[in-house]
Every structure is written in structure tokens, then in C-alpha cells.
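Participant: Below is the sequence, then the predicted model.
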Amino acid sequence: MKASDFKLMVMPYSSRLYRMAFRLMNNREEAEDIVQEVYMKLWGMRSELTGYDNIEALCVRITRNLCLDQLRRRKVNHHALRSERLETGNVSVNPDNNLEKEEEKAVIHALIDSLPEPQRSLVHLRHLEEKDYEEISQMVNMNVNAIRVSISRARKQMREMLEKQYSSWKA
């Protein structure tokens, strides 16, 4: 496979892979490194790429696995890092309703970040990347019913965390 064919086959997914890596890693440099490593792995298996039905699913799976490997090596609590960033004023202040929307978005992202794997990745793919269950199933190599159950449990856990947080604010 020529480099030009490789670029046409895998480069259209670069921004999506970066967004996914960034959401999982919460770090721009690490996300860029992950995407670069994904492309290196894909380049190494370039002769086999034509045998895959869904190159995008392969790219997403490799990205997800590399992120999880990196997180396991680092053993960092992402929820604590996200909360620390929010406390230091990393949320932009806009005069209209934008502030409320930004705060809500930050709370939701913090809740998603606090989920254990694979729930975090599944919720990310379903709600942030807006993938349907079949696409997610291909990307993460899981049964659709298992994905539904995992996402449902993640939503329930997020709802309980949110209710606990709001009840402590009222007290």
C-alpha cells in the first residue's frame, strides 16, 4: 500500500480519534501522542488494512486500547484532576446563559470522567460521539446487549452521583 492510499484510508478519522483520546486522557499532548501511535500501528499493518470491513472501528478500537493502556500505566484518578481544573476557574464566564450551560457541561463531563472503564468509553461513544449501539459493538468488540446494560448502569450511577451532589448543595 502506498502512503497516499494509506492517507486516504485513515486520515479522515484523525480529528475524531484526537477528540476521543483527549476526552479519555484529559491532556492535549498525550492525546496527540496516542493518535500518532495509532497511525504508527496502522502503518505497520497497512498491508492488512484492506481486509477490514470498517477501518473507522479499527481506528477507534486501537485508540481506546492505547488510552486505556496509558491510563493503567499512569494510575491517575481523572475525576480528581477534572475537579481540580474546575475549581481553579477553567470554566469560561459569559454574561448570558452560556455560563450555566458551560457549568452543566463541565459537571456532566466530570461525571463521565469519574465512571470506570469500560463505562466511560461506552458513554463517550454513545452520547458524545453519538454512535448507535451496533457501531459501538463493532468498535469495542462487545455484545450490543452488554453495551446497553453497561450504559444503563453508567447513567444510573451518574444520576445517583448528581442527586448526591445536589442534595449536599441544598443542605
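Facilitator: Happy to help now that I have it.

Participant: Quick check: longest helix in the chain by residues?
Facilitator: When the chain is parsed with DSSP state H, its longest helix is helix 144-170.

Participant: Check which helices and strands that one sits against.
Facilitator: Other elements packing on helix 144-170 under the criterion 3 or more C-beta pairs under 8 Å, 6 or more residues apart in numbering; DSSP states H and E are helix 98-114, helix 119-123, helix 133-140. Heads up, the C-betas are built off the backbone N, CA and C, glycines and all.

Participant: JSON lines please, covering these and showing distance to Ser150 and mean neighbour count.
Facilitator: What follows is the helices and strands packed on helix 144-170, written out as JSON lines (distance: least, C-beta to C-beta, whole Å; neighbours: other C-beta atoms under 10 Å):
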{"stretch": "helix 98-114", "distance to Ser150": "13", "mean neighbour count": "15"}
{"stretch": "helix 119-123", "distance to Ser150": "5", "mean neighbour count": "22"}
{"stretch": "helix 133-140", "distance to Ser150": "10", "mean neighbour count": "18"}
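
Participant: Out of those, the one nearest Tyr52 is which?
Facilitator: Closest approach to Tyr52 among the helices and strands packed on helix 144-170 (C-beta to C-beta): helix 133-140, 10.4 Å.

Participant: hmm, who's touching the closest one?
Facilitator: Counting contacts by C-beta atoms under 8 Å, 6 or more residues apart in numbering, the residues outside helix 133-140 that touch it are 54, 56-57, 60-61, 64, 118, 121-122, 125-126, 131, 142-144, 147-148.

Participant: from those, which would you call buried?
Facilitator: Of the members of the contacts of helix 133-140, the ones counted as buried by neighbours, 16 or more other C-beta atoms under 10 Å, are 56-57, 60-61, 64, 118, 121-122, 125-126, 131, 147.
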